[in-house]
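> Return atomic coordinates for the entry below.
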Amino acid sequence: MLLGFRFQRFGEDPISPNDVDLLLVMVRSPAPSSVTAVTAFAALLFLLHPSNAQLSANFYATACPNASSIVQTVIQRALQSDPRITASLLRLHFHDCFVNGCDGSLLLDNSATIKSEKDAGPNTNSTRGFDVVDNIKTAIESSCPGTVSCADILALGAQASVSLSGGPSWTVLLGRRDSLTANQAGANTSIPSPIDTVANLTSKFSAVGLDTTDLVTLSGAHTFGRAQCRTFSLRLYNFTNGGPDSTISPSYLTTLRQLCPQNGDGTVLANLDQATPNTFDNNYYTNLQNNQGLLLSDQELFSTAGAATISIVNSFSGNQSAFFQSFAQSMINMGNISPLTGSNGQIRSNCRKVNGS
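As a prediction, the model looks like this:
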């Protein structure tokens, strides 16, 4: 069974044979041939069903044909000194899209008129990789000035980050424009929390048009990267009746308590996946089955009695190809959340500030 493929309402603009050829050429992956087949299938689905958000895979085909390769080159360079950067860049796209849509608002710094989303609770002293986004923007501006939006850089950066870490590739739909403002209050309420229940997570995903399969699929991004002790230490001590969270396996609890002692440094980092912390794979779901999900919000997907998420976790744990297929689709779904297109917004020359400010 193919999980995670669902269709939104699509526009009626026809796709030409040239569009089909271009999109098929764009499907590429460093992963094994089975993954390449997954990405080709995902791309073909969207050839036949264009997005109603007016995004297009060939948006920069003439104006900036090297945009994707520039993004990948800069990220590859950053990876040489920072193995965390791919997970961090994927997270930036996620946190951007959940607040007012995928509009690059997360990247704006504080100003006289802007309260930055970077200072919202889910982002402060947590989101990172902004310097790499700056480097990508500088490189693209040198090649194609005033053409590629910061919002699209986040979308391309997410795809390249997953692919470079061993995960699937997909055809990124492009044409987003950048917001003129930020929404710090929205970031405080809309972004999923590491202590959210399944009900809360489902509500936040539903609010942006994503379903339960998207929830479980996109949570699988926690198959690589790190989390600070402060995001999960409440599970280790005095969680219920003075004891730890009962859904943590005893051996894992011991490991985590050694890393994050009670009243210790909350900024210490733990691997989201102990076995393959820098690789994008389906090990996240096996961890949940073994009661080794690091964040409460992750373990809840498997440990909440009767939750619709459990069967999806089980499916992805036993079938990495199904997870990769679903992840490609869900990333496209997420990338379609309320983009600014046409004459809305702008193409920022500096991702940190609105043009002219």
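> residue ranges of the strands in the stretch 101-250 of the chain, please?
226-228 (DSSP state E, counting those that start in this stretch).
> so what's Leu269 closest to, chain neighbours aside?
Spatial nearest neighbour of Leu269, chain neighbours left out: Arg226 (4.2 Å); criterion: CB to CB, 6 or more residues apart in numbering. Quick note: C-beta positions are derived from backbone N, CA and C, even for glycine.
> repeat for Ser68
Leu156 is the one closest to Ser68 (CB to CB, 6+ apart), at 5.6 Å.
> Could you report the neighbour count for Ala199?
Ala199 sits with 11 neighbouring residues when counted by other CB atoms under 10 Å.
> and the gap between it and Pro65?
Distance of Ala199 to Pro65, computed by CB to CB, to the nearest Å: 45 Å.
> try Leu256
47 Å.
> With neighbour numbers in mind, choose between those two.
Leu256 (21 against 12).
> Pull out the buried residues from the strand or helix carrying the more buried one.
Element membership for Leu256 (DSSP states H and E) is helix 250-259. For helix 250-259, burial by neighbour count (16 or more other CB atoms under 10 Å) applies to 252-253, 256-257.
> Let me know the closest of those residues to Leu107.
Leu256 (32.7 Å; CB to CB).
> Now do the contacts for that closest one.
By CB atoms under 8 Å, 6 or more residues apart in numbering, the contact set of Leu256 is 232, 236, 248, 270, 294.
> how close does the closest residue to the last one other than its chain neighbours get to Phe232?
When the adjacent residues along the chain are set aside, Leu294 lies closest to Leu272, with 5.2 Å between them (CB to CB, 6+ apart). Distance check for Leu272 against Phe232: by CB to CB, it reads 10 Å.
> cool, Leu294 as well?
6 Å.
> intersection of neighbour lists for the two?
256, 270.
> Angles on the backbone of the residue nearest to Leu294, please.
Leu272 adopts backbone torsions of phi -60, psi -30, taken as degrees, to the nearest 10.
> Can you report how many residues lie near it?
22.
> For it, give me its contacts.
Taking CB under 8 Å, 6+ apart as the test, what Leu272 contacts is 87, 222-227, 284, 294-295.
> tell me how far the ends of stretch 233-251 are from each other?
End-to-end distance of stretch 233-251 (CA to CA, to the nearest Å): 16 Å.
> Oops, could you answer that again for stretch 116-126 instead?
14 Å.
> How about residues contacting it?
Against stretch 116-126 from outside (CB under 8 Å, 6+ apart): 95, 99, 105-106, 108-110, 127, 130, 182-188, 191, 193, 228, 267.
> Closest to Thr240 out of the buried residues of helix 250-259?
Using CB to CB, those come closest to Thr240 at Leu253, 13.4 Å.
> Grab the nearest non-local neighbour of the closest one.
Using CB to CB, 6+ apart, the closest residue to Leu253 is Pro244 (5.6 Å).
> measure the one you found to Ala227 for me?
17 Å.
> Next: Leu89.
If you go by CB to CB, the gap between Leu89 and Ala227 works out to 16 Å.
> cool, Met334 as well?
Taking CB to CB, one finds Met334 at 20 Å from Ala227.
> So for those two, which sits in the more crowded spot?
More neighbours surround Met334 than the other of Met334 and Ala227, with 24 against 18 (other CB under 10 Å).
> While we're on the more buried one, how confident is the model there?
With respect to pLDDT, Met334 scores 98.
> Who are the contact partners of it?
93-94, 97, 102, 208, 210, 214, 218.
> give me that answer again for 7 Å
Contact analysis of Met334 by CB atoms under 7 Å, 6 or more residues apart in numbering lists 97, 210, 218.
> Most neighbours among those residues, which one?
Top of those by neighbour count (other CB under 10 Å): Cys97, with 30 neighbours.
> Skipping its backbone neighbours, what lies nearest it in space?
In space, Cys97 is closest to Ile337, 4.8 Å off (CB to CB, 6+ apart).
> tell me the secondary structure for the one you found?
Recorded secondary structure, Ile337: coil (DSSP: H, G, I helix; E, B strand; the rest coil).
> Would you format the contacts of Met334 as a markdown table with distance to Val354 included?
As requested, these are exported to a markdown table (distance: CB to CB, whole Å):
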| residue | distance to Val354 |
| --- | --- |
| Cys97 | 19 |
| Leu210 | 28 |
| Leu218 | 29 |
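> Give me the subset of these lying in helices.
97, 218 (DSSP state H).
> between the contacts of Met334, which is nearest Leu79?
Nearest to Leu79 among the contacts of Met334, with distances taken as CB to CB, is Leu218, at 22.0 Å.
> among the contacts of stretch 116-126, which ones are buried?
Of the contacts of stretch 116-126, these count as buried by 16+ other CB under 10 Å: 95, 99, 105-106, 108-109, 127, 130, 182-184, 187-188, 191, 193, 228.
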